[in-house]
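Peer 1: Pasting the sequence and the predicted coordinates here, then a few questions.
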Amino acid sequence: MASHRVPEHVPPEMVKDFSLFTSPGMERTPNGDPHAAVACVHDGPPIFYSPCNTRDGRGTWVITRAEDQRRLLQDTETFSSHRSLFASALGENWPLIPLELDPPAHGAFRSLLNPLLSPKRVIELEPAIRDRAIALISKISASSTSCDVMKDFAFPFAVSIFLRLLGISDERLDTFVGWGKHLLHGDGVKRTAAARTILAFIDELAATRRIKPADDFMTFVVQANVDGRPLRDEEIRGMGVLLFVAGLDTVATAIGFDLAHLARNPKEQELLRSEPDRIVLAAEELLRAYSTVQMIRVATKDISFEGAPIRKGDYISCATMIANRDPAEFERPNTIDLARKDNRHTAFASGPHRCLGSHLARREIVIGLEEWLSRIPEFRIKEGTAPITFGGHVFGMENLILDWS
Ligand code: HEM
């Protein structure tokens, strides 16, 4: 539980007062820029110890260089991904699948799921994604010259696509957004309650699909075999819950940060509007500059990494928002250059757990930006309002009121 005590094996000179949860700029901040706030770590060593760097106040080692993060994420024997991120909120210990399985077990499940979110599958989904974007934006533009992008576009857009994958109708969209917010950003009590609700929902959906199959993710999972046997209930839960958590707010948040950037940079906004072919490349730069996910690994043995005495059981943070602003990896990392070439960012991670939904996420972001820019004239942040940003395991934006009157 919450203890900011530095373990005895950590040399005091390796401790740094930095946290993705509590450092300046990481709390809920009007007009905040949590991505700029991480830049300070690049003035320091390649690894340091942060005494309070998880939601429940645990300390982690922090890897600051992109190259070291890549090396560490490949070494799954030494740095395990099993940390019961979700189950721990219930006092339980089962893995999200495939995220919290290490190779070789990881491979069997990953191969099973790959076709469901492959580039080919995403091409098939594209017309539905575009229709959804157009419907939401047309409704906004027909009724107003201002809206809260997060509430009126980014969340309903991303969540409805992912509900479609799971095989759930849009009617309960608001309920799902609420569960996700409590789970990812709520306090302990709300988090546990949301975890229980989501679990009960996934169990019920799996039971329904066993009796009444449909053309959706849950039906696929309850009918699937791995290593020649059907999936166990716990494995079905692990997959259903992961898809729920992974797809719920990552895409919406990316769209929010992207439109906030364009609202503050009218020339870039106009360039992308008049030359939409630039959007694919621009979206990659925005993914780099506004990366949102912190990955955590657990040491399986004592090891020295870049001079740090890591002990078995220690947590290690590989934050994409840190790697993607590393000056050793990117020229002028804090300049957002929408035409940046050779952009080897790791917003979707690297190594075996590289994001399974990255093809879908990329298409959603690009289509969302294309349709927004072609339907909404020059927009800015509405006077007298301020987007509220926050740090944490997944960086986020609470509101974004745009105005084009
Ligand atoms: C902009 C949007 C997204 C970002 C930035 C993102 C980022 C990431 C990152 C950094 C990881 C690695 C986590 C770790 O190793 O600890 C990951 C894994 C994963 N993501 Fe995403 N993600 C996004 C959207 C999605 C979507 C839309 C889906 C599904 C529909 C998805 C499904 C997954 C799954 C299943 C994994 C686990 C893969 C494995 O363990 O093999 N993600 N994502």
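Peer 2: Arrived safely.

Peer 1: switch to C-alpha atoms for all contacts and neighbour counts from now on
Peer 2: Fine.

Peer 1: gap between the nearest residue in space to L73 that is not next to it in sequence and A206?
Peer 2: Nearest non-adjacent residue to L73, counting by CA to CA, 6 or more residues apart in numbering: G351, 5.6 Å away. Separation of G351 from A206 (CA to CA, to the nearest Å) stands at 30 Å.

Peer 1: So which of those two has more stuff around it?
Peer 2: Under the criterion of other CA atoms under 10 Å, the comparison of G351 against A206 puts A206 first, with 23 against 16.

Peer 1: so what's that one up against?
Peer 2: Residues near A206 by CA atoms under 8 Å, 6 or more residues apart in numbering: 218-219, 222, 236.

Peer 1: How about E126?
Peer 2: E126 makes contact with R363 under the criterion CA under 8 Å, 6+ apart.

Peer 1: rerun at 10 Å
Peer 2: Under the criterion of CA atoms under 10 Å, 6 or more residues apart in numbering, the neighbours of E126 are 132, 360, 363-364, 367.

Peer 1: just the residues you listed that are near the ligand?
Peer 2: L360 (CA under 6 Å from any ligand atom).

Peer 1: The contacts of E126 in strands, which ones?
Peer 2: If you go by DSSP state E, these have nothing in strands.

Peer 1: Closest one of the contacts of E126 to R65?
Peer 2: Set against R65, the nearest of the contacts of E126 by CA to CA is L360 (27.6 Å).

Peer 1: which one is S405 nearest to, not counting chain neighbours?
Peer 2: T145 (5.1 Å).

Peer 1: Wait, the one you found touches F379, no?
Peer 2: Yes - T145 is in contact with F379 according to CA atoms under 10 Å; the separation is 9.1 Å.

Peer 1: Between the two, which is the more surrounded one?
Peer 2: Shown here are T145 and F379; by other CA under 10 Å, F379 has more neighbours (23 against 14).

Peer 1: The more buried one contacts K267, doesn't it?
Peer 2: No - at 11.2 Å, F379 does not count as touching K267 under the criterion of CA under 10 Å.

Peer 1: Residues of the stretch 151-300 of the chain that sit close to the ligand?
Peer 2: So far as CA under 6 Å from any ligand atom goes, the stretch 151-300 of the chain lies against the ligand at 243, 246-247, 250-251, 254, 292-293, 295-296.

Peer 1: Can you select the buried ones among those for me in PyMOL?
Peer 2: Selecting only the buried entries of those in PyMOL, with 16 or more other CA atoms under 10 Å as the criterion:
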select buried, resi 243+246+247+250+251+254+292+293+296
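
Peer 1: Dump the residues of the stretch 151-300 of the chain next to the ligand into JSON lines; add secondary structure, pLDDT and distance to S84 as well.
Peer 2: Shown next, in JSON lines, are those (DSSP: H, G, I helix; E, B strand; the rest coil; pLDDT from 0 to 100; distance: CA to CA, whole Å):
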{"residue": "L243", "secondary structure": "helix", "pLDDT": "86", "distance to S84": "15"}
{"residue": "A246", "secondary structure": "helix", "pLDDT": "85", "distance to S84": "15"}
{"residue": "G247", "secondary structure": "helix", "pLDDT": "80", "distance to S84": "18"}
{"residue": "T250", "secondary structure": "helix", "pLDDT": "92", "distance to S84": "20"}
{"residue": "V251", "secondary structure": "helix", "pLDDT": "95", "distance to S84": "23"}
{"residue": "A254", "secondary structure": "helix", "pLDDT": "97", "distance to S84": "25"}
{"residue": "T292", "secondary structure": "coil", "pLDDT": "96", "distance to S84": "20"}
{"residue": "V293", "secondary structure": "strand", "pLDDT": "96", "distance to S84": "17"}
{"residue": "M295", "secondary structure": "strand", "pLDDT": "96", "distance to S84": "13"}
{"residue": "I296", "secondary structure": "strand", "pLDDT": "96", "distance to S84": "11"}
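
Peer 1: Redo the residues of the stretch 151-300 of the chain next to the ligand as JSON lines? Include distance to R110.
Peer 2: Below are these laid out as JSON lines (distance: CA to CA, whole Å):
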{"residue": "L243", "distance to R110": "13"}
{"residue": "A246", "distance to R110": "15"}
{"residue": "G247", "distance to R110": "16"}
{"residue": "T250", "distance to R110": "20"}
{"residue": "V251", "distance to R110": "21"}
{"residue": "A254", "distance to R110": "24"}
{"residue": "T292", "distance to R110": "23"}
{"residue": "V293", "distance to R110": "20"}
{"residue": "M295", "distance to R110": "18"}
{"residue": "I296", "distance to R110": "19"}
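
Peer 1: Grab the nearest non-local neighbour of P266.
Peer 2: Per CA to CA, 6+ apart, closest to P266 is E378, 7.3 Å.

Peer 1: can you pull the contacts of the one you found?
Peer 2: 262-263, 266-267, 269-270, 273, 402-405.

Peer 1: Show me the contacts of E126 that map onto helices.
Peer 2: Mapping the contacts of E126 onto helices (DSSP state H) picks out 132, 360, 363-364, 367.

Peer 1: Who wins on neighbours among those residues?
Peer 2: In the ones in helices among the contacts of E126, the most neighbours by other CA under 10 Å go to E364, 25 neighbours.

Peer 1: gap between the most centrally placed residue in the chain and G357?
Peer 2: Centrality entry for the chain: nearest residue to the mean C-alpha point is T250, 4.0 Å, by CA atoms, centre = their mean. Counting by CA to CA, the separation of T250 from G357 is 10 Å.

Peer 1: Check N53 too.
Peer 2: On the measure of CA to CA, N53 and G357 end up 26 Å apart.

Peer 1: what helix or strand is the closest residue to the ligand within the stretch 51-200 of the chain on?
Peer 2: Distances between the stretch 51-200 of the chain and the ligand by CA to the nearest ligand atom are smallest at L99, namely 3.1 Å. Using DSSP states H and E, no element contains L99; it sits outside every helix and strand.
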